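*Asks:* Okay, here's the prediction I keep looking at, along with the sequence it came from:
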Amino acid sequence: MADEPKEPQPPSVPTGEQPASKPSPVSTPAAKPADAGVPATPAKLAAPPAPPKPPVVLQTPLNNEIVARYRAKFGAAIVDAIEDRKQAILVVESGRLAEIALYTRDEEKFEMLSDLTAVDWPKREKRFDVVLNLYSFAKNERLRLKAQAAEGEEVPSVVGVWVAANWLEREAFDMFGIIFSGHPDLKRILLPDEWQGYPLRKDYDILQQDTAWVRENLGIESGQ
Amino acid sequence: MGPQHPSTHGVLRVKLKLDGERVIGSECVIGYLHRGVEKIAENRTYQQFAPYVDRMDYVAAVSNGLGYCEAIEKLLVAEAPPRARVIRTILTELQRIASHLLWLGTHALDIGALTPLFYCFREREEILKILEKYCGARLTTHAFRIGGLQYEAYDTFEKDVERFCKDFESRIVEYETLLTNNRIWIGRTKGVGILTAEDAIAYGVTGPVLRASGVKWDIRKAMPYAAYDQYKFEIPVGTTGDTYDRYLVRMEEMRQSRLICLQAIENIPPGPIMAKVGKVLKPPPGEVYHAIEAPKGELGYYVVSDGTVQPYRVRIRPPSFINLQAFDRMVRGHLVADVVAIIGTIDIVLGEVDR
């Protein structure tokens, strides 16, 4: 919320309107009671200039037992462990993804693959993030695994670990062109099989399309 | 089968491999409704994209909106005020009932029971009227805003909800009279499309389909959001994971949603309905995954911010898409006529599958 000016509130709001009880929404650390009703004005009066808040740190390195266990087991394959807005993220080496996934399911009890997707960062050396959102029924926790992959680099498929990954990997292939090695049937899922290009890549313009395909199959110049 | 078959609830094409009348393999062909919603998101501001999410699961637009708004609020490290959260809960639960009613009506129709459809639509109409009175729209509502609500609850809101809930109790009994002990209904649904709990988890199946397989898991309880932690409700579960169990689970869920609504209107806290999030939203860089229990299952939003006014990436985890993947598992060995029942029981909306 960089653009929200921290306006020093006009010290008295006696009109009985709501502003006094507004729960301060932005950038206070996550756990916030958001209590309404209690007039907050006296405190504000005491310190009128509202000292500039230190920038809130949302991403912190993660160092708990789980990470320690992963580090002990996989060493350098665990590239990074961070917490973003209280959500745990493990960045792993893409080549060992399937192996780490199996361990995550069987030993750490993250039985369900909620989601598998990708993010494109074209300026980076390894442009893709393959992102797995996992859920553990046993612990009622979520965990995010991330693996970086360069263009054309094969990422080991996790279909053998979670069957759910089948369509999700196909979608990631369809939208980003990421190849999952070991996938039983890697082909497009939402777009037509013959479509050229990968729409969710950042260098694919929003108006861009496979004009040849559209002309041939729909008989029109533009699919818009 | 499909893509224009009336029982596929949209444009789903299923390739079936048959041995006589038995299905020995299947493949779903989807994407007919693909609009590139995730790409659109990257080219809109956070607020501009909010109405688009209503067009995914268009029979439960309110739930889609709730998930999106809460995900962005998490990204902003903001929180909607208590009053907004309670009103959101009421509307979302009403929407869940409406979604289940649509499912019940069409599912029964697919199997050959024509009557429930008319009853279901009669009650659904009441809910849509409440939504319309609240925000002016019936289907693609855009009822919520990032940070809270735009509209205050209208004057007779509580009364309308209460009247609906009071009436609705006997309505569910009416549906059950038609179906629950109906021999044809039981014959068409019992033992059809069985999904075991292990399979359901492996396939990532969520929502009523997962619960009917005996897994007592509901995000409203497991990781409460909105105002769900304040209300008492049960999570109905099935035992065998067949089509009949899924029917029973959804019927019970409607009852529970009704109870949540009744508890919520008892005490809607006063106060503001909008948190102070500013007109221009620039969430600090980072990412968040937020999931809610939509009528069809876990609806997740994975949003990445690079600190600008447009999201860097919005990934939508649609429950229908992932539940549909288990279709092949459920349909094998059944008759062609059961395919229709199984598509119906998964409760898919193609707008959400294809995005």
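*Replies:* Sure thing, it's come through.
*Asks:* Near B:A264, how many residues? Count them for me, please.
*Replies:* Using other C-beta atoms under 10 Å in any protein chain shown, the number of residues around B:A264 comes to 24. C-betas here are computed from N, CA, C, even on glycine.
*Asks:* wait, what's in contact with it?
*Replies:* Contact criterion C-beta atoms under 8 Å, 6 or more residues apart in numbering or on different chains gives B:86, B:89-90, B:93, B:227, B:230-231 as the residues in contact with B:A264.
*Asks:* Please name the residues that touch the most centrally placed residue in chain B.
*Replies:* Centrality entry for chain B: nearest residue to the mean C-alpha point is B:P295, 2.5 Å, by C-alpha atoms, centre = their mean. Listed by C-beta under 8 Å, 6+ apart, the contact set of B:P295 reads B:57, B:60, B:63, B:95-96, B:99-100, B:103, B:207, B:347.
*Asks:* Out of those residues, which sit inside strands?
*Replies:* Under the assignment DSSP state E, the contacts of B:P295 contribute nothing to strands.
*Asks:* of the residues you listed, closest to chain A?
*Replies:* Sorting those by distance to chain A puts B:G207 at the head of the list, at 12.4 Å, by C-beta to the nearest C-beta.
*Asks:* From B:E93, how far off is the closest residue to B:N182 other than its chain neighbours?
*Replies:* The shortest distance from B:N182 to any residue other than its chain neighbours is 7.4 Å, reached at B:A113 (C-beta to C-beta, 6 or more residues apart in numbering or on different chains). Here the distance between B:A113 and B:E93 works out to 26 Å (C-beta to C-beta, to the nearest Å).
*Asks:* Which residue of the two possesses the greater neighbour count?
*Replies:* Neighbours per residue (other C-beta under 10 Å) separate B:A113 from B:E93, with B:E93 holding more: 32 against 18.
*Asks:* Just the element for that one, please.
*Replies:* B:E93 belongs to helix B:82-111 when elements are defined using DSSP states H and E.
*Asks:* which helices and strands does that helix pack with?
*Replies:* helix B:61-76, helix B:115-135, strand B:148-149, helix B:157-179, helix B:183-189, helix B:243-266, helix B:336-346 (3 or more C-beta pairs under 8 Å, 6 or more residues apart in numbering or on different chains; DSSP states H and E).
*Asks:* now these in TSV, with distance to A:Q209 and mean pLDDT?
*Replies:* Formatted as TSV, the helices and strands packed on helix B:82-111 follow (distance: least, C-beta to C-beta, whole Å; pLDDT from 0 to 100):
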stretch	distance to A:Q209	mean pLDDT
helix B:61-76	26	91
helix B:115-135	34	90
strand B:148-149	37	88
helix B:157-179	45	89
helix B:183-189	43	88
helix B:243-266	39	91
helix B:336-346	30	87
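*Asks:* So for the most centrally placed residue in chain A, what pLDDT did the model give?
*Replies:* The C-alpha lying nearest the average C-alpha coordinate of chain A belongs to A:V131 (C-alpha atoms, centre = their mean; 6.9 Å). On the pLDDT scale, A:V131 is placed at 93.
*Asks:* where's it, which helix or strand?
*Replies:* Secondary structure assigned from DSSP H and E places A:V131 in strand A:128-136.
*Asks:* elements contacting that strand?
*Replies:* helix A:97-106, strand A:112-120, strand A:141-149, strand B:297-305.
*Asks:* Same list, these, but as CSV with mean pLDDT, distance to B:V192 and mean neighbour count please.
*Replies:* Shown next, in CSV, are those (pLDDT from 0 to 100; distance: least, C-beta to C-beta, whole Å; neighbours: other C-beta atoms under 10 Å in any protein chain shown):
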stretch, mean pLDDT, distance to B:V192, mean neighbour count
helix A:97-106, 89, 30, 20
strand A:112-120, 91, 25, 25
strand A:141-149, 90, 33, 20
strand B:297-305, 92, 20, 25
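*Asks:* Those: which one's closest to A:V79?
*Replies:* Relative to A:V79, the nearest member of the helices and strands packed on strand A:128-136 by C-beta to C-beta is strand A:141-149, separated by 7.8 Å.
*Asks:* Excluding chain neighbours, give the residue nearest to the residue in chain B that chain A sits nearest to in space.
*Replies:* With C-beta to the nearest C-beta as the measure, B:G204 is the residue of chain B nearest to chain A, at 3.2 Å. Closest residue to B:G204 apart from its sequence neighbours, by C-beta to C-beta, 6+ apart: A:A164 at 3.2 Å.
*Asks:* And A:Y198, by the same measure?
*Replies:* Distances taken as C-beta to C-beta, 6+ apart put A:G177 closest to A:Y198, at 4.0 Å, once the chain neighbours are dropped.
*Asks:* In this structure the one you found contacts A:R201, no?
*Replies:* Yes: with contact defined as C-beta atoms under 8 Å, A:G177 reaches A:R201; the gap is 7.1 Å.
*Asks:* From A:L58, how far out is B:L75?
*Replies:* According to C-beta to C-beta, B:L75 and A:L58 sit 9 Å apart.
*Asks:* what touches both of these two?
*Replies:* In contact with both B:L75 and A:L58: A:85, B:286, using C-beta under 8 Å, 6+ apart.
*Asks:* how does chain A divide into domains?
*Replies:* Domains of chain A are assigned by automatic domain parsing as A:59-190, A:191-224.
*Asks:* Among those, show me which one is buried the most.
*Replies:* When these are scored by mean count of other C-beta atoms under 10 Å in any protein chain shown, the highest mean neighbour count falls to domain A:59-190 (a mean of 18).
*Asks:* beta partners of B:R315?
*Replies:* Counting by DSSP bridges, B:R315 forms beta bridges with B:Y302.
*Asks:* Just want the residue of chain A that's nearest chain B.
*Replies:* When C-beta to the nearest C-beta is the measure, chain A has its nearest residue to chain B at A:A164, with 3.2 Å between them.
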